[in-house]
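Chemist: got a predicted structure plus its sequence, pasted below:
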Amino acid sequence: MATSMFSVVKKNWFLVGLVALIPLALFLASSRPPAWSINFARSVPTSLCTATILFLMSVTLNSRRLFDSLRKPWPVLTACGVNQIMIPLLCFPLLALQKSADLRAGLLIAASVPCTMAAASVWTRRAAGNDAVSLLVTLITNGLCFLITPLWLLAGSKWFGTADASGSLQFSSMVWRLVLAALLPAFVGQMIRLSKPVETIVDDNKPIFGNIAQCIILLLVFVSAFRGGVQFESTGMASNLRHQEFATVWVCCIVLHLTAMGVVWQITGLARYAEEDRRACVFAGSQKTLPIGILVSQATGLPFSILPMLMYHMSQLFIDTWIADRLKSRATQIDS
C-alpha cells in the first residue's frame with residue numbers, strides 16, 4: 001500500500017506540490033507572518049526565474065522544430081487567435097454576472113493578457129506536445145500584448161463600464177522587461193545549443209532540465225500565493241469579499257479556460273493538425289500569464305481586480321496538469 005502510494009506521488013509530484021504549496025502559502029500569509037518572510041517573498045526575482053525557465057525550455061528545444069513551426073505557422077496562429085481574440089470575446093457576456101466593478105475589471109484583465117511566459121512550454125512538454133509551437137505563441141502574444149491588452153480594456157470601459165488601465169501601461173519599460181525575461185533567454189538557449197557537445201549533454205538530460213523548470217514554477221506559485229494572501233489580509237479583502245461573488249468570478253475563470261481548451265482541440269482536429277501540434281495549441285491557446293495580469297490590475301487602482309487573475313492562474317495550474325497527463329497517455333496509446 002505504502003509502495004503504491006509512493007509511486008503515485010512520485011509520478012504526480014508536481015500536482016502534489018501544487019495541492020500542498022498553494023494552501024500552505026495562503027495559510028502562512030494569514031497567520032501574521034514575520035517581516036523577514038514578507039521581505040523574502042518580495043525579494044524573489046520573478047523575472048529572473050521566468051527567464052531561467054524559458055532558457056531551460058529553449059536550450060532543450062530542437063532548432064529544427066522551431067524552424068518547422070515557423071514554416072508551418074497555422075498551429076501558432078490558431079493558438080494566438082484563441083488566446084488573444086476569442087477568450088476576451090467570450091469574457092464580455094460574463095462581465096454582466098459580476099456585481100463588483102473590481103471583479104468586472106479583473107475578469108477582463110485575466111481574459112486579455114497574453115499566454116504564460118514559461119508554463120505553456122512546460123505543460124506542452126509534459127503532454128509530449130510540440131513545445132516549439134508553445135514557445136512561439138508565448139513570444140508573439142507577449143510581444144503584442146501592450147497593444148492588444150489595452151485595446152480590450154478600452155473596449156470594456158466603453159461597452160461595459162470596466163476600469164480602463166490602458167493609459168497607465170508604460171510601453172517602453174514593458175517591452176524591455178519582455179526582452180530580458182523572454183526573448184533574450186530563448187535566444188541564448190538556442191545559441192548555446194549550436195555547440196554539438198552542449199546539444200548532446202542537454203538531450204541526454206532533458207528530463208532533468210524539465211524537472212528543474214517545474215520546480216522553479218512551484219517556487220513562483222508559492223511566492224505569488226503568499227504575496228496575494230498578504231495583500232488580502234493587509235487590505236481586508238478577505239473579510240469584505242462575499243462568498244457568492246468570489247465563487248461566481250472563479251467559475252467564470254474556469255469556464256473561460258476550459259472553453260478555450262475545448263475550442264482549440266476541436267479546431268485543430270477539424271483542421272487535421274499534427275497530434276503534437278494540437279497538444280501544444282491546447283495549452284498555449286488557453287493559458288494566461290500572472291505577472292502581466294498583476295501589473296495591469298495594479299494600474300486600475302482597484303484592489304479586488306487582482307483576484308480573477310490569481311483565480312485563473314491557480315485554476316489553470318491544476319486543470320492543465322491533469323489534462324497534460326491525460327494527453328500524454330493518449331499520445332502513448334497512439335504511438336503504440
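Modeler: Happy to help now that I have it.

Chemist: what about residue 212, neighbour count?
Modeler: A total of 14 residues lie near residue 212 under the criterion other C-beta atoms under 10 Å. Heads up, the C-betas are built off the backbone N, CA and C, glycines and all.

Chemist: name the SS class of the closest residue to residue 62 other than its chain neighbours, please.
Modeler: In space, and not counting its chain neighbours, residue 62 is closest to residue 132: 7.6 Å by C-beta to C-beta, 6 or more residues apart in numbering. With DSSP: H, G, I helix; E, B strand; the rest coil as the basis, residue 132 sits in helix.

Chemist: isn't residue 132 up against residue 68?
Modeler: Yes: here residue 132 lies in contact with residue 68, judged by C-beta atoms under 8 Å, at a distance of 7.1 Å.

Chemist: the more surrounded of the two?
Modeler: Legend: neighbour count by other C-beta under 10 Å for residue 132 and residue 68, higher for residue 132 (27 against 15).

Chemist: quick one, grab the pLDDT at that one.
Modeler: Looking at residue 132, its pLDDT reads 86.

Chemist: separation between it and residue 121?
Modeler: For residue 132, the distance to residue 121 (C-beta to C-beta, to the nearest Å) stands at 9 Å.

Chemist: what sits in contact with each of these two?
Modeler: Common contacts of residue 132 and residue 121 (C-beta atoms under 8 Å, 6 or more residues apart in numbering): none found.

Chemist: just give the number of residues close to the nearest residue in space to residue 229 that is not next to it in sequence.
Modeler: Excluding its sequence neighbours, the residue lying closest to residue 229 (C-beta to C-beta, 6+ apart) is residue 29, at 2.6 Å. Counted by other C-beta under 10 Å, the residues lying close to residue 29 total 23.

Chemist: before we move on, what about the one 4 residues further on?
Modeler: Burial of residue 33 is recorded as 17 neighbouring residues (other C-beta under 10 Å).

Chemist: for it, what are phi and psi?
Modeler: As for residue 33, its main-chain torsions (degrees, to the nearest 10) stand at phi -70, psi 150.

Chemist: also residue 289?
Modeler: Dihedral pair for residue 289: phi -90, psi 140, per degrees, to the nearest 10.
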